[in-house]
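*Asks:* Sequence plus the predicted model coming up.
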Amino acid sequence: MSGFGRGQRLQTGRAPGGEREAIAKCLGRAIALTELIEQLPVDLIGLDVRVQAEARFEITARLAPQLVAHAQARRREEQRGILGMRGQLNGGGPPTNRNASVREDPAQRRINGGGKGVYYVHLIPMTRPEIVITANGPAVFHGSDFSLVTAAKPAKAGEVLIVMATGLGPTRPGVDPGQPFPPNPANPLQVVNSPVDVTVNGQSTATINAVGWPTLVDVYRVDFQIPSGTGAGMARIQLTAAWIPGSSVSIPIQ
């Protein structure tokens with residue numbers, strides 16, 4: 001199988017990300033502040049203020065690469081969130097207020113709470129989670145050797161299986177839209193950001209991993225376990241990502 005070795009155990013990780021515009025603004029402000037201070041007399045602003053401002057600028061400049069990387073990752077996640085979902089937000093009425101004195105102990109405010117409001121969020125997914133269908137049936141593999149689950153080699157109750165799926169959405173650390181997930185183990189696995197659930201015959205089961213499939217575009221690997229009480233016959237497998245269900249497929253269980 002592309003991207004994974006036989007019997008490979010998955011190890012996930014995180015990586016920083018960022019945006020150049022955000023750090024450019026930060027550096028611009030630091031530079032402007034330093035230039036302004038340089039133009040003022042020392043006896044007016046005080047030597048300590050000049051030293052502190054210059055030190056802050058030096059530290060900001062030194063951290064610029066890390067801050068740029070972090071901002072770029074956040075921008076990519078925001079873009080994928082916008083492109084991956086449509087919808088609307090409606091208020092259920094004006095929020096209520098709790099009349100209280102400004103002298104009230106803040107600890108008491110945390111106990112009593114504040115005003116309350118109700119909002120309704122209607123989300124329309126641009127894509128749905130789907131299990132890949134191959135010429136030989138659903139792309140559901142035995143976890144032990146990556147062989148396809150077929151009538152000649154059915155799954156067993158309690159066995160760990162691997163699903164090849166699409167449409168699971170953004171990952172962490174993240175990749176640019178339309179780009180393949182980076183190869184592993186040279187790079188950390190891209191963990192699906194949204195909650196992913198697997199059901200077998202309508203019964204929720206243990207989801208072990210949900211990651212981007214290395215070297216492929218918008219293809220994901222989901223490891224799960226067949227419930228121990230699953231009976232023999234055809235079993236329905238269904239993926240749900242971010243509470244959005246996909247189509248179910250059937251695999252043989254012995």
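*Replies:* Arrived safely, thanks for sending. Numbers count the residues shown, from 1 in each chain.

*Asks:* Cross-check the contact I'm expecting between Met164 and Asp218.
*Replies:* No - Met164 is beyond contact range of Asp218, at 11.3 Å (criterion: Cβ atoms under 8 Å). Bear in mind the C-beta positions are built from the backbone N, C-alpha and C, glycine included.

*Asks:* Contacts only, for Val217.
*Replies:* By Cβ atoms under 8 Å, 6 or more residues apart in numbering, the contact list for Val217 reads Gly178, Gln179, Pro180, Phe181.

*Asks:* Identify, from these, the entry nearest to Ile111.
*Replies:* Nearest to Ile111 among the contacts of Val217: Phe181, at 46.8 Å, using Cβ to Cβ.

*Asks:* Where does the residue lying closest to Leu89 once chain neighbours are set aside sit: helix, strand or coil?
*Replies:* Spatially, and ignoring its direct neighbours in sequence, Leu89 is nearest to Val121 (5.4 Å; Cβ to Cβ, 6 or more residues apart in numbering). Per DSSP: H, G, I helix; E, B strand; the rest coil, the local secondary structure of Val121 is strand.

*Asks:* how close does Val121 sit to Gly231?
*Replies:* Computed with Cβ to Cβ, to the nearest Å, the distance linking Val121 and Gly231 is 39 Å.

*Asks:* which residues of the stretch 1-150 of the chain score low on pLDDT?
*Replies:* Residue ranges of the stretch 1-150 of the chain with pLDDT under 70: 1-85, 100, 109-110.

*Asks:* now do 80
*Replies:* Counting by pLDDT under 80, the stretch 1-150 of the chain has low-confidence residues at 1-87, 89-117, 121-127.

*Asks:* Strands of the stretch 151-254 of the chain, start to end?
*Replies:* 160-166, 171-172, 191-192, 196-200, 203-204, 207-212, 220-225, 233-241, 244-245, 249-253 (DSSP state E, counting those that start in this stretch).

*Asks:* per the record, what domains does this protein have?
*Replies:* What automatic domain parsing lists as the domains of the chain is 20-83, 84-125, 130-253.

*Asks:* Asn201: how many residues sit nearby?
*Replies:* Using other Cβ atoms under 10 Å, Asn201 is surrounded by 19 other residues.

*Asks:* so who does it touch?
*Replies:* By Cβ under 8 Å, 6+ apart, Asn201 lies in contact with Thr230, Ala235, Arg236.

*Asks:* quick one: the residue lying closest to Gln203 once chain neighbours are set aside from Arg221, how far?
*Replies:* Closest residue to Gln203 apart from its sequence neighbours, by Cβ to Cβ, 6+ apart: Pro227 at 5.7 Å. Counting by Cβ to Cβ, the separation of Pro227 from Arg221 is 20 Å.

*Asks:* what pLDDT does the closest residue in space to Val219 that isn't next to it in sequence get?
*Replies:* Counting by Cβ to Cβ, 6+ apart, Val219 lies nearest to Trp213, which is 4.3 Å off, once chain neighbours are set aside. pLDDT for Trp213: 95.

*Asks:* same thing with Ala186?
*Replies:* Ala186 is assigned 83 on the pLDDT scale.

*Asks:* burial of it, as a residue count?
*Replies:* Residues near Ala186, counting by other Cβ under 10 Å, number 7.

*Asks:* any chance you could map the helices in this structure?
*Replies:* Assigned helices in the chain, in chain order: 20-39, 42-45, 47-62, 64-84, 106-112 (criterion: DSSP state H).

*Asks:* Please work out the average pLDDT along stretch 216-232.
*Replies:* 95.

*Asks:* how far does it stretch from start to finish?
*Replies:* One end of stretch 216-232 to the other measures 34 Å (Cα to Cα, to the nearest Å).

*Asks:* same thing with stretch 219-229?
*Replies:* In stretch 219-229, first residue to last residue: 30 Å (Cα to Cα).

*Asks:* One more: stretch 145-153?
*Replies:* Stretch 145-153: ends 12 Å apart by Cα to Cα.

*Asks:* Then stretch 186-194?
*Replies:* Taking Cα to Cα as the criterion, the two ends of stretch 186-194 lie 24 Å apart.
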